[in-house]
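Visitor: Next comes the sequence, and after it the predicted model I'd like to discuss.
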Amino acid sequence: MLQVEKINQYYGAAHTLRGVSMELEKGKCTALLGRNGVGKTTLLKCLMGVLPVSAGSVKLEGRDITRLAPHQRARAGIAYVPQGREIFARLTVEENLLMGLATHSGKKAHTIKGEVYELFPVLKEMLHRRGGDLSGGQQQQLAIARALLAEPKLIILDEPTEGIQPSIIKDIGNVIRLLRQRGDMAILLCEQYFDFAHELADQFIVLSRGEVVASGAQAAMNDPEVKRHLAV
Amino acid sequence: MSSMNDGRIALQGLDTTHGAILYLEEISVVFDGFRALNKLSLDISVGELRCIIGPNGAGKTTMMDVITGKTRPTSGTAFFGQTMDLSRMSEHEIAHAGIGRKFQRPTVFEQHTVFENLELAMKMDKRVRPTLFARLSSEQRGKIEEILKLIRLNGSEQRLAGLLSHGQKQWLEIGMLLMQEPQLILLDEPVAGMSDAETARTAELLNELRGKHSIMVVEHDMAFVTEIAQQGVVTVLHEGSVLAQGRMDEVQADERVIEVYLGR
Amino acid sequence: ADTIKVGILHSLSGTMAISETSLKDVALMTIDEINAKGGVLGKKLEPVVVDPASNWPLFAEKARGLIAQDKVSVVFGCWTSVSRKSVLPVFKELNSLLFYPVQYEGEELEKNVFYTGAAPNQQAIPAVQYLMSKEGGGAKRFVLLGTDYVYPRTTNKILRAYLKSKGVKDSDIDEVYTPFGHSDYQTIVANIKKFAAGGKTAVISTINGDSNVPFYKELGNAGLKATDVPVVAFSVGEEELRGVDTKPLLGHLAAWNYFESVKNPVNTDFIKKWKAYAVAKKLPNANTVVTNDPMEATYVGIHMWAQAVEKAKSTDTDKVIAAMGGQTFKAPSGFTLTMDATNHHLHKPVFIGEIRPDGQFNVVWKTPGPVRANPWSPYIPGNEGKQKL
Amino acid sequence: MLRKLFLIACLCFARAACAGIAPGLLAPLAGDDPDARVEAIAKIGALANDDATRLLTALQSGDVYTAPDGKLYFVTDDKATDVATGAIGPLPEGLDGLMVNNRLRGAIDEALSALKMFSPDRVQRLAAVTELQKSATLAQAPLIEKALGKETDAEVRELLRLVAATANLQSPDVTKRRSAVEALAGSSNASLRPQLQTMLTEDPDASVRVAAAQTLQALDSRLARTEFIGNVFYGISLASVLLLAALGLAITFGLMGIINMAHGELLMIGAYTTYLCQLAFRRWMPDALDWYLAAALPAAFVVTALVGIALERTVIRWLYGRPLETLLATWGISLILMQAVRTIFGAQNVEVANPAWMSGGVTVLGSLVLAYNRIAIIVFAALVVGGVWLILNKTRLGLFVRAVMQNRRMAGCVGVSTAKIDMMTFGLGSGIAGLGGVALSQLGNVGPDLGQGYIVDSFMVVVLGGVGQLAGTVIAALGLGEANKFLEPVAGAVLAKIAILIFIIIFIQKRPQGLFAMKGRSAE
Amino acid sequence: MNHPTLFSRKAWSGIVAVTVLLAALPLLNLFFADGHALHVPSYMVSLIGKFMCYALAALALDMVWGYAGILSLGHGVFFALGAYAHGMYLMRSIGREGVYQSDLPDFMVFLDWKAYPWYWSGTDSFWVALALVVLVPGVLAFVFGFFAFRSRIKGVYFSIITQAMTYAFMLLFFRNNTGFGGNNGFTDFKRILGFSISAPGTKAALYLITLLVLVGALLLCRWIVTSKLGRVLQAVRDSESRLMFIGYNPLWFKLFVWTLSAVLCGIAGALYVPQVGIINPSEMSPANSIEMVIWAAVGGRGTLLGPVIGAFSVNGLKSWFTGAFPNLWLFALGLIFILVTRYLPRGLAGLVRKEQA
Ligand SMILES: Nc1ncnc2c1ncn2[C@@H]1O[C@H](COP(=O)(O)OP(=O)(O)OP(=O)(O)O)[C@@H](O)[C@H]1O
Ligand SMILES: Nc1ncnc2c1ncn2[C@@H]1O[C@H](COP(=O)(O)OP(=O)(O)OP(=O)(O)O)[C@@H](O)[C@H]1O
Ligand SMILES: NC(N)=O
Ligand SMILES: [Mg+2]
Ligand SMILES: [Mg+2]
């Protein structure tokens, strides 16, 4: 589905990603782990096209998308739940959800599927409230719902459980599990909440100082070697 | 009304003769007809570490907004100590009186270096003239270095705070809070976005601060809450008022809390 | 040097460019004309054009630059009074010469300046006399409408004193000012109507610049006709009317010392030259250019200066000043104008014209001959006996 | 239009029955004695025949010429008709237009309206009577009463009654005078005031004085109401101008955050496009000249939108996220655009005439003239606001526009081509500025500095309403327009303007985020 | 950008060199006759004197805009008020040499005023006028700022009301009856402190004082922005609300720089008026204030030196262009503004920095 090959990224002189490679598969959930500031968000932004890479390539279903703009990647089938939510503060909840349908056209572009309301009932209640007025957790739910509506081939989640109450974290876990089971989507989950990631992931990647220092199947996640890269 | 003197270090000590540092009484906050807080009453004792949990949208952040003067309550009273009516004070007066806050979304001065962020937050006379003539004493410098180490940003002190990662900003904000030396610390989701290891460290830190400051922590990370609540009181907010209150294990066993918050 | 440098100080950008650009062009044309005849003192004139950009302090700076850096012998320029006031100290300090071609409020006399535009008694007073005459409609009430600055305020002060001396009561005079660039004349036109209900009324407009178009458009659309309430303007000429549809303005008036429509050989020649010049130099809208009073004043000023230099056989300021007094020139207005030696103003004829549908003016009244300027209006107390340099 | 038709009819009629006017009456017209000329006009008018009408109408429109020998001619194309004899011949040498000045024109108007009082055409009669209202004298009373006797049309009758009453105000007969005064209680003619005022104190008869007091009161209250309504209208009209000037800015600045100092120049380009359309119509479709605005609207929109798009692509797109820098760049753009127009079209104003259907106005309540161009612009402003509102709030494009302006990066991440939206939004804002320019060209001067006169006001309107709030912009424009028009009669234009500025300063103190401030967290 | 080392070593040497050079100009003008290789024309001297006043105004603007993020579109009013305050003294120094030979300025005689209005009292004293130069803009800024900052007016809302303020003042001063000479303003000054205003010596002295004030102001501003207060100001710019939650009251900090900036601007105006010889209300037109902002932006805001350089270069170019290409200069100037924004986001100062890096 998605092949990342040796991508490098710099913030000015700071080398943030150093030859990161990975491969994501349809129907699989990949957990991206690492301490604070190792470059996880940076990597996800590079995949989304928000940040340019200085070297390396990104391929989606064999098609090279390394140089595409974010909106082109979105149209190619990538959806993104950014860290910090980034909902449209002055659009209503409903309009925010409609923005999730931006890649669609025709009637589909105007119908918000009922599923998201089932998943996040609070959104239905607050349909006409401005996105920016929601509580932190509500915004996070909105951001996830928005990404799901796009029906992407690859969904990128940057710390989706941040600020969300435990019961809904469970629900989100169930959704991810469901999506995985449906098998038509690749999931890239960047998560600090280890147990959550462990429960959902099929495979994992650990970043440290911009480099992939460990990776493997889910079973290997509990290796002390892996844990060491996550410890302080 | 602000006076020429605001910003000066509060000279008179806080009157906490009745043992409580913060009283919220029947606070309601209404936004365009929506009740974010509904007759919320709560008090925090001196030196207490109080955990607050509750569903998304329960009103936790709004409550902190009320305490710090960011939002004016529609009705009800908020007192800091026996005498300070928070609803009559402006944000900076409240901060200066000794309430420090970490926001849910990390907010630091992005165009300032890490060092400058801490320096700005440092407890001192914050009026114009003293600020103009302020020079760092070696003692103050030492204090900053100490905090830098604590938040593990030593080495990054000359970086612009805007360039930090999410988690690093969280830490920096905690560091700024400590520089302020407030009597009451409000922490809105301090470990959101921190790795498990970092979370553990934060818990450690809070346990160290326990007793020296009064602390109010809002978190959704139950492991963390359990870790810091110890035998103390945990308050559960729901739809703008207190749903349940008690020790962590009691609260976790409460059917209503499981229903609206923890999930089955 | 084998040329004589001549400075041209007119705004080519900013708010005043609308009026001043064509003065620059006329000045260049006149210089070409003089050069074609062999120049002055056997030397060609070399124009130095600068753009003071409608910025008053920049006028002073540019004047200093022209005189001190470019070493020009004379400067032709300025339009607004404030620009003139701004450069005055420079001309005095460096003892140089300025020719100022625009009608103004008077109350000034400077050795270093020659005023080729009208003083109030050469424009405003005759216009009011005309309005009060039977032929002019016998106005009994007056609206003094102007842009809020010195020229209109001063002119109106003089007019008020004059009207008073003619027995017009204060209650029959309404003085109204608008800010520069004012563009909404609905209320004012309505008020004029209301005021006019009280008796035969005339409007004396000292509106300057851009506000004239909206004023006249409003006037036209509100149906205020010249036969009911005539408006006489002191700052509206052929050039300003190019921007207006004049059909609804038939019969409204302007007072000047020159109109393009006056018929005489000198004027015919002047207009022909100007049109040819505009086409030759590819000026914008070359085929619709018109002449107007300040353009004529510029033309006259440059010629008179050239004559004076010939007479003085030198471009030295003091010698030229001495030679200027009594210079005469057969002007496009059809009269031979004389430079007054004592007050540096031209003796000028006064014409009153009614707007025609084609944007030109029908001369309906004129003085029998040139009138001597009274820069110090006798209608302002304290001016008595202040008629000389 | 109708008047023209009638004129032609008149002329044809006159030609058919060429009776001629006595040369003795004509001679003074060509002479130098103004009093004699006026007298001659009155006498010609008194002839009350078709030739008189023809001559007077021709004089009024400036179609009468004098030959050096003092004879008068009507001139059509290359034929001259001798006024006295009706003989048609070639143009005599040295023909010169007969000079008509205001005084003579007034006399002609008066004579013609007396004639036209008996015209078979109702419109003519109405116009004549309206004209007479200004000047009716006792001497004309018999004539007026005669006309009143013949009149069948209710409206004209009503007016004639008032005119008759006006004429009879000077009647020596007390009853006539009193009933005249009483009849005038229904008039809205302000020019009656001085006369009534005099009667109030000086009329020898007490009952007339009482009646005069009542009539004056009625008149004054009607005038006051008219004035109030007038002010409301002027306010709305000013508001519509402010709104049209500001609306484009409400998009480029309000929505996109670009401190667009070149906004005024976009207005100007719209106005110049109008000018060019007018020229084109004049040159190629003179018959349809009245409809040049119909072409100017789309043309101005497209031209300014293209200019806007070009600016966005070359300059502004580099400045997103640096809003303050846009001030500098757009200031530069503004200088360039102004100078470019100055170079191409000259520094002087160009003439943009109102189409005939927009010239003049409708008289309501007796004395209030609502200019057609003002009415048209109010309607136009309402339409444009409605259109913009629909686009922004009811279309997907509008949703994308708002989303991109709030969070460009995230909008890209959900699949919106931000570059395209930026371009379209700026193009839309510019195009709307162009439409504003078309409207402004109908009211004021069209010159290179046109925009400079509106830029400050435009920013005030947008900011006062609350940046990014379309409804706020509308209300702000209305508020400023009305406040201005109610203050102006009291304080004068200059102080009114100062007062408005101070009001803005104070108002913002109360509403630091503008009229329609965003509240709550989302505002941060 | 905001580090205590605001100027590099190079910049310091540059400042010293330029100061010395500028200080030498009027002396070269005085001591070498026209024609001498070292002669500096007085035109040049007066031009640079004027630019220094503009530079001071741009510097003042940079304090509020560059550091505290307060964009003023009304600084022209402070500049003009300082100039008017000084101008009142200069007008009175004309004495009876006006055209009406009265103790009153000509325009007052003309308005039939018999005595000075109250607000002119004391202005015959240079020292009173000097105090007014500081007080009038200072008090206006303080009062205006106090209410605006207390109401938490920010961003464009603040900018626009400053624009409204300067516009209102312009209209007010345009009126003859306001008592400041209407749109002609004050001009035709004769002497200052008894010295003839057009004497070369006086001019040189005014020039040198201006230079001194400019350099002094630069140092003062540098000292302020590198102090902790400077960092608080920048925090105001970046996140005012956050600053309140750590105990600062932004009101007084903003008011401090705002008032200081207004005073500096007033001083610039006061120095400007005797050198340029005229002050009139068009200095308060919104466009003039925007131009000041442009100088700061071209030079690079938040750098102190940048706006000074910006004021010199924009005005220098303008002076040169308007003489050299009277018909085309607006194209050139406009293009420069666009190019600077596009390629030098930090202004000319950014260019210097880039080279150093
Ligand atoms: N715009 C930027 N410019 C320069 N450096 C940056 C920028 N953004 C992030 N960084 C640095 O790059 C590194 C990686 O940041 P990134 O946000 O990718 O971390 P992360 O792994 O997502 O951390 P966290 O778990 O805290 O979110 C960090 O050291 C951060 O300070
Ligand atoms: N300005 C506002 N307008 C309307 N509703 C608001 C506004 N501010 C907050 N709310 C609503 O008030 C409720 C309380 O919000 P608050 O942020 O206090 O919740 P919270 O308990 O902090 O939630 P979380 O755990 O998700 O952070 C939410 O439902 C939110 O949508
Ligand atoms: N002198 C003038 N017209 O300002
Ligand atoms: Mg991250
Ligand atoms: Mg919260």
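Guide: Noted; the coordinates are in hand. Numbers count the residues shown, from 1 in each chain, chains lettered A, B, ... in the order given. Ligands and ions are numbered 1, 2, ... in the order given.

Visitor: Skipping adjacent residues, who's closest to residue 46 in space?
Guide: Using chain A here. Computed as C-beta to C-beta, 6 or more residues apart in numbering or on different chains, the closest residue to A:Cys46 that is not its neighbour in sequence is A:Val53, at 5.1 Å. C-beta here means a position set from N, CA and C on the backbone, and glycine is covered the same way.

Visitor: not quite, I wanted chain C
Guide: Counting by C-beta to C-beta, 6+ apart, C:Glu46 lies nearest to C:Thr3, which is 4.0 Å off, once chain neighbours are set aside.

Visitor: Could you report the neighbour count for the closest residue to ligand 1 within chain D?
Guide: Closest approach between chain D and ligand 1, counting by C-beta to the nearest ligand atom: D:Arg409, at 12.2 Å. Using other C-beta atoms under 10 Å in any protein chain shown, D:Arg409 has 15 neighbouring residues.

Visitor: pLDDT score assigned to it?
Guide: Model confidence at D:Arg409, expressed as pLDDT, equals 92.

Visitor: follow-up on the earlier one: and the residue nearest to A:Cys46, how close does it get to chain C?
Guide: With distances defined as C-beta to the nearest C-beta, to the nearest Å, the gap from A:Val53 to chain C amounts to 49 Å.

Visitor: Run through the bridge partners of the residue nearest to C:Glu46.
Guide: Beta bridges link C:Thr3 to C:Lys44 when assigned by DSSP bridges.

Visitor: B:Glu119 and B:Ser137 touch, don't they?
Guide: No - the pair formed by B:Glu119 and B:Ser137 falls short of the contact definition of C-beta atoms under 8 Å, at 11.7 Å.

Visitor: do the helix or strand D:Leu324 falls within and chain B meet?
Guide: Per DSSP states H and E: D:Leu324 is located in helix D:323-345. No - Helix D:323-345 lies apart from chain B when judged by C-beta under 8 Å from any C-beta of the partner chain; the minimum separation is 14.4 Å.

Visitor: how about that helix against chain E, any contact?
Guide: Yes - contact between helix D:323-345 and chain E is present through D:324-329, D:331-336, D:338-340, D:343 (criterion: C-beta under 8 Å from any C-beta).

Visitor: are any of these buried, and which?
Guide: D:324-329, D:331-336, D:338-340 (16 or more other C-beta atoms under 10 Å in any protein chain shown).

Visitor: Neighbours of whichever residue of chain C sits closest to chain D, how many?
Guide: When distances are taken as C-beta to the nearest C-beta, chain C approaches chain D most closely through C:Gly243, which lies 2.8 Å from it. The number of residues packed near C:Gly243 is 23, by other C-beta under 10 Å.

Visitor: With D:Gln124 instead?
Guide: 21.

Visitor: A helix includes it, no?
Guide: Yes - D:Gln124 forms part of a helix when assessed by DSSP: H, G, I helix; E, B strand; the rest coil.

Visitor: Quick check, the residue nearest to C:Glu46 in contact with C:Gly42.
Guide: No - distance between C:Thr3 and C:Gly42: 10.7 Å, which falls outside the contact criterion (C-beta under 8 Å).

Visitor: Comparing these two, which residue is more hemmed in?
Guide: The residue with more neighbours, out of C:Thr3 and C:Gly42 and counting by other C-beta under 10 Å, is C:Thr3; that gives 13 against 9.

Visitor: Does chain C have contacts with stretch E:44-58?
Guide: Yes - between stretch E:44-58 and chain C, judged by C-beta under 8 Å from any C-beta, the touching residues are E:46-47, E:50.

Visitor: thought B:Ser75 was touching B:Leu24?
Guide: No - with contact taken as C-beta under 8 Å, B:Ser75 and B:Leu24 are classed as non-touching, separated by 11.8 Å.
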